[in-house]
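>>> From the sequence below, what's the structure:
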Amino acid sequence: MPRRAKYAPEKDKDPELDISSLIDVSFLLLIYFLVTSTLRKEETDLKIVLPTQIPTDNPDPVDPVAIKVEADGSITYDGQPISGPSNSGKPDKLQPLRDRLKEYKELANSTGNTPMVIVAASDDGKTQRFIDVVNALASVKINNITMTGFRDEEG
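Predicted coordinates for the structure are as follows:
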């Protein structure tokens with residue numbers, strides 16, 4: 001009589017987790033957030049040229065304009081007040097500042113010079129007011145900007 005083969009049950013396999021569906025969901029979420037997010041053009045396309053440490057052969061002979069943003073939101077242009085404290089109720093687009101910057105740029109371009117602006121912002125001021133000033137510079141296409149901070153010296 002032939003021998004019967006003994007039945008050997010399969011050994012338990014290690015448990016596996018199929019993560020292909022999780023990868024699909026993560027890519028769908030990534031695509032969703034990329035499509036629904038928007039970029040504000042006025043704050044992303046500034047094309048600001050920051051000063052470098054490399055000296056140039058031909059330094060620009062034009063006098064730079066100094067714009068100062070105070071802690072209360074008031075703005076001065078070469079020591080002359082342009083705008084008072086910022087209103088939290090309605091946005092201030094700083095049209096007088098834009099007009100002065102446009103005149104300065106036209107003057108600098110007519111003499112063959114590069115317009116340069118120094119923006120000094122108070123460390124205690126709101127960031128939005130500083131961004132409004134930088135947006136005003138970008139709207140008149142002034143790219144050579146030096147940004148500094150200041151602290152009042154207490155004696």
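>>> what about Ile31, which SS state?
What DSSP: H, G, I helix; E, B strand; the rest coil gives for Ile31 is helix.
>>> neighbours around it, how many?
10 (other CB atoms under 10 Å). To be clear about C-beta, it is placed using only N, CA and C from the backbone, and glycine gets the same treatment.
>>> quick one: least confident helix or strand in the chain?
Using mean pLDDT, DSSP states H and E, helix 41-44 stands out as the lowest-scoring helix or strand of the chain, at a mean of 58.
>>> The helix or strand following it pairs with which strands, parallel or anti?
Beyond helix 41-44 in the direction of the C-terminus, DSSP states H and E gives the next helix or strand as strand 65-69. Strand 65-69 has the following strand partners under DSSP bridges: strand 75-77 (antiparallel), strand 116-122 (parallel).
>>> Take those and lay them out in CSV including mean pLDDT, mean neighbour count and distance to Ile19.
Below are those laid out as CSV (pLDDT from 0 to 100; neighbours: other CB atoms under 10 Å; distance: least, CB to CB, whole Å):
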stretch, mean pLDDT, mean neighbour count, distance to Ile19
strand 75-77, 88, 20, 55
strand 116-122, 87, 19, 49
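>>> okay if I get the ones you listed as a markdown table plus distance to Asn135?
Shown next, in a markdown table, are these (distance: least, CB to CB, whole Å):
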| stretch | distance to Asn135 |
| --- | --- |
| strand 75-77 | 13 |
| strand 116-122 | 12 |
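>>> Quick one, which of the ones you listed gets closest to Val65.
Val65 lies closest, by CB to CB, to one member of the strands paired with strand 65-69: strand 116-122, at 5.0 Å.
>>> roughly how far is the helix or strand just after the closest one from the heart of the chain?
Later in the chain than strand 116-122, the nearest helix or strand by DSSP H and E is helix 127-139. Offset of helix 127-139 from its chain centre (CA atoms, centre = their mean, to the nearest Å): 10 Å.
>>> Going toward the C-terminus from helix 127-139, what's the next helix or strand?
Next along from helix 127-139, by DSSP H and E: strand 144-150.
>>> Low-confidence regions, this protein specifically.
Scanning the chain with the threshold set as pLDDT under 70 gives 1-3, 5, 39-46, 50-62, 84-93, 150-155.
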